[in-house]
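In: let me see the structure of the following:
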Amino acid sequence: MRGVTASRLCIAALLLIAPIASAQTIGRIERLDPAFDALVPRDAKIETIAEGFAWTEGPVWRKSGGYLLFSDIPNNTINRWKEGQGITVFMRPAGYNGATPFGRELGTNGLAFDANDKLVVADHGNRQLARINDSIFTRTTLADRYDGKRLNSPNDLVFHPNGDIYFTDPPYGLDGLDANKTKELPFAGVYRLKPSGELTLLTKDLTRPNGIAISPDARMLYVAVSDGAKPIYMAYDLQPDGTIARGRVFFDPAPLVAQGRIGSADGMKVDAKGNIFATGPGGVLVFNAAGKHLGSIITGERTANVAFGDDGSTLYMTADHKLLRIRISTKGLGF
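Out: Got it, this is the predicted structure:
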């Protein structure tokens, strides 16, 4: 996509975004354990800082620029939000730009920066993991096939300290999901991609692997499974060779689903102390490293993913058609 074209698309897209004159507070905080107070202050408020999107996902903070990027999947856009500037379009089209899409979710989903500050995306629309050169808005395919077959629609990703990428591949980007005629793999996998390009299937036993995170000591891999009315959060031991072992249910939110709380097990991030901020029924569930549910940030919206930003003590949340934030007392991993 040429720079001049990108600029025209950006201007057009800005007209679709509802401005927020001043941050509006929504939702509530649910405290289940005294340890939660050390993570989320008593006076913390959930703020709406932008809205008017189709479905927000994949937030990531860019330290070098001091701004947040996030996907608006149906609108095939990566947006940028910066304090004092609001929303601008970072890249559009963010994903598929051909004439025969595989589904309606044409854009990117999860976003992450590598050690060289290069943006890597779970490219729903193109069914691949890709690296973006955002100076000229070109992309390099990192992985689009396993065992010679097309990936489903990579959903979320996380970097291991050694540079390996762990990512999930459910069929959410395909019309009809498993029934889509272009679907080539008979499972939804969790993979590891080495910098050399070697792709390893870690597990094909999860029905809808979605959000993914790694513990601060890189000994644990967490995977959210967004399977309809039965979402779960899984934990695996990360082995020295990068594979996984001893998979077990880390947290089962069935009681929250039974209460009618909206949302499913989706994106997640880990703080510097190993606490997990995971989207799920009700908003964002906060667990300690042992899987104890300490409390929840109840957004009242279907919340898809989270990212730490600013100095590491702001939690940004993509929630349906909104972008939210809350100040916290802990810091995200890497800050």
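
In: contacts, neighbours, all on C-alpha from now
Out: Will do.

In: end-to-end on stretch 93-102?
Out: This stretch, stretch 93-102, spans 15 Å end to end (CA to CA, to the nearest Å).

In: before we move on, what about stretch 222-238?
Out: 10 Å.

In: equivalent analysis for stretch 137-157, please.
Out: Distance between the two ends of stretch 137-157: 20 Å, counting by CA to CA.

In: so residue 80 touches residue 71, yeah?
Out: No. Using CA atoms under 8 Å, residue 80 makes no contact with residue 71, being 9.0 Å away.

In: these two: which is more packed in?
Out: Comparing residue 80 with residue 71 by neighbour count (other CA atoms under 10 Å), the higher total belongs to residue 71, at 29 against 21.

In: skipping adjacent residues, who's closest to that one in space?
Out: Spatial nearest neighbour of residue 71, chain neighbours left out: residue 78 (4.5 Å); criterion: CA to CA, 6 or more residues apart in numbering.

In: now do the strands in the stretch 151-300 of the chain.
Out: For the stretch 151-300 of the chain, the strands defined by DSSP state E, counting those that start in this stretch occupy 157-159, 165-169, 189-193, 199-203, 209-214, 220-225, 232-238, 244-251, 268-270, 276-280, 283-287, 293-298.

In: same question, the stretch 1-150 of the chain
Out: Assigned by DSSP E, counting those that start in this stretch, the stretch 1-150 of the chain shows strands spanning 24-26, 28-31, 46-51, 56-62, 67-72, 77-82, 86-91, 108-113, 119-123, 128-133, 138-143, 145-146, 149-150.

In: now do the longest one, average pLDDT.
Out: Mean per-residue pLDDT for strand 56-62: 98.

In: middle-most residue in this structure, spatially?
Out: Taking CA atoms, centre = their mean, the centroid of the chain lies closest to residue 58, which sits 3.5 Å from it.

In: I figured that residue hits residue 77, correct?
Out: No. Using CA under 8 Å, residue 58 makes no contact with residue 77, being 11.5 Å away.

In: hey, what's in contact with both of those two?
Out: Here residue 58 and residue 77 have residue 71 as joint contacts, going by CA atoms under 8 Å, 6 or more residues apart in numbering.

In: circling back to that earlier point, do you know which of the strands of the stretch 1-150 of the chain lies nearest residue 184?
Out: strand 149-150 (5.7 Å; CA to CA).

In: how close does residue 285 sit to residue 268?
Out: 9 Å.

In: next: residue 45.
Out: 20 Å.

In: tell me which of those two has more neighbours.
Out: Neighbour count, other CA under 10 Å: between residue 45 and residue 268, residue 268 has more, with 27 against 19.

In: all set now, cheers.
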